[in-house]
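**Q** Generate a structure from the sequence data that follows.
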Amino acid sequence: MTVRPAQVGQGIWFRRMDVTDADPMVAARWDVVEQVPLCTRVVNADGVSVSTIEHLVAALAGCGIHNALVEIDGPEVPILDGSAAEFVRAFLSRGLVELPEPLHVLRVTDTVEVSRGEAWARLEPSDRLEIAFSIDFPDRAIGRQEAELDLSNGAFIRELSDCRTFCRFDDVERMRAQGLVRGGSLTNAVVVDDARVLTPGGLRRRDEAVRHKMLDAFGDLALAGAPLIGRYVGHRAGHAMTNMLLRKLFATPDAYVIASCTPETRRILPGAGVSADDLAAVA
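**A** Prediction:
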């Protein structure tokens, strides 16, 4: 997989290099997300898709990269270590170029909420991007966790990017049967079996599980097409629910505005001011 620079206003796109008999271009955008369990998948009109894009898209947004072309030779983004850290490391090591064109932001102006069973997610107004999340799993190695974070100025890189996806040991075979995590092992996910953490080295953070859910939500929100200014609150929410929330937001014209990014807002975006110091936090 290769990530290349793109022109101003292009956004994030995937090019399936292995596809020759259909349109190989797939947008990383909320309205082409296909509802599937366990990951985020985007698909174009020809049925060409790319799965498990959430960690890569989160890393792009967390580094302040809003235009990029991702060339990939298969249907799934590499899982790597199960987090976004390796993507972040590569982007910051290569260097970033600020483009001269004005940036637009998506500002939440009224609250929207979706729910399904015990799970729910909400977007509400804020002067910056904030994420609050809570989870509750029966496995004692995870249990109930909650966390809240202001995503301004590299906080994603320092606080979330190294947090790995997690699953129950019994779920691994189910994911493989669905064509996911085909290269999966105990080295690219936190695998738990009730009170035991089976992954060598254990947890990176005490609350790594809920932080990874925040990472996922950040990546899914980045599919809005512009940096989002608002507060996301999720409880037991997954990829599909965050996409449902974006769809409801865009179906509610009074709940958002798209506006030019002021210098004050630009200074508090997630990718504003990221540097080698942030890279050191995940190196």
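
**Q** drop to CA atoms for contacts and neighbour counts, all remaining ones
**A** Fine.

**Q** And the longest helix anywhere in the chain, what does it pack against?
**A** Longest helix of the chain, by residue count under DSSP state H: helix 208-221. Helices and strands touching helix 208-221, by 3 or more C-alpha pairs under 8 Å, 6 or more residues apart in numbering; DSSP states H and E, are helix 54-62, strand 130-136, strand 144-150, helix 239-250.

**Q** Was I right to think residue 115 contacts residue 121?
**A** Yes. Counting by C-alpha atoms under 8 Å, residue 121 is a contact partner of residue 115 at 6.4 Å.

**Q** got a list of what residue 161 touches?
**A** 59, 83, 84, 85, 88, 215, 282 (C-alpha atoms under 8 Å, 6 or more residues apart in numbering).

**Q** cool, residue 87 as well?
**A** Applying C-alpha under 8 Å, 6+ apart, the residues near residue 87 are 56, 59.

**Q** give me that answer again for 10 Å
**A** When the contact criterion is C-alpha atoms under 10 Å, 6 or more residues apart in numbering, the partners of residue 87 are 3, 55, 56, 57, 58, 59, 60, 63, 80, 93, 161.

**Q** Residue 11 now?
**A** Taking C-alpha under 10 Å, 6+ apart as the test, what residue 11 contacts is 27, 28, 29, 65, 66, 67, 68, 69, 223, 225, 226.

**Q** Does the closest residue to residue 64 other than its chain neighbours belong to a helix, a strand or coil?
**A** Residue nearest to residue 64 in three dimensions, not counting chain neighbours: residue 271, with 3.7 Å by C-alpha to C-alpha, 6 or more residues apart in numbering. Secondary structure state of residue 271, per DSSP: H, G, I helix; E, B strand; the rest coil, is coil.

**Q** ok, now the one 3 residues further on?
**A** With three-state DSSP as the basis, the three-state label of residue 274 is coil.

**Q** before we move on, back to that, take the contacts of residue 11 and keep only those in strands.
**A** Among these, DSSP state E puts 27, 68, 69 in strands.

**Q** Quick one, which of the residues you listed are buried?
**A** Buried by 16 or more other C-alpha atoms under 10 Å: 27, 68, 69, out of these.

**Q** Serialize the residues you listed to TSV and add fields for distance to residue 245 and pLDDT.
**A** Shown next, in TSV, are these (distance: C-alpha to C-alpha, whole Å; pLDDT from 0 to 100):
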residue	distance to residue 245	pLDDT
27	19	98
68	25	96
69	26	98
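
**Q** got the buried residues for stretch 136-154?
**A** 141, 142, 145, 146, 149, 150, 151, 152, 153, 154.

**Q** how long is it end to end?
**A** Distance between the two ends of stretch 136-154: 28 Å, counting by C-alpha to C-alpha, to the nearest Å.

**Q** Report the mean per-residue pLDDT for that stretch.
**A** Over the span of stretch 136-154, the pLDDT mean works out to 95.

**Q** Alright, I will stop here.
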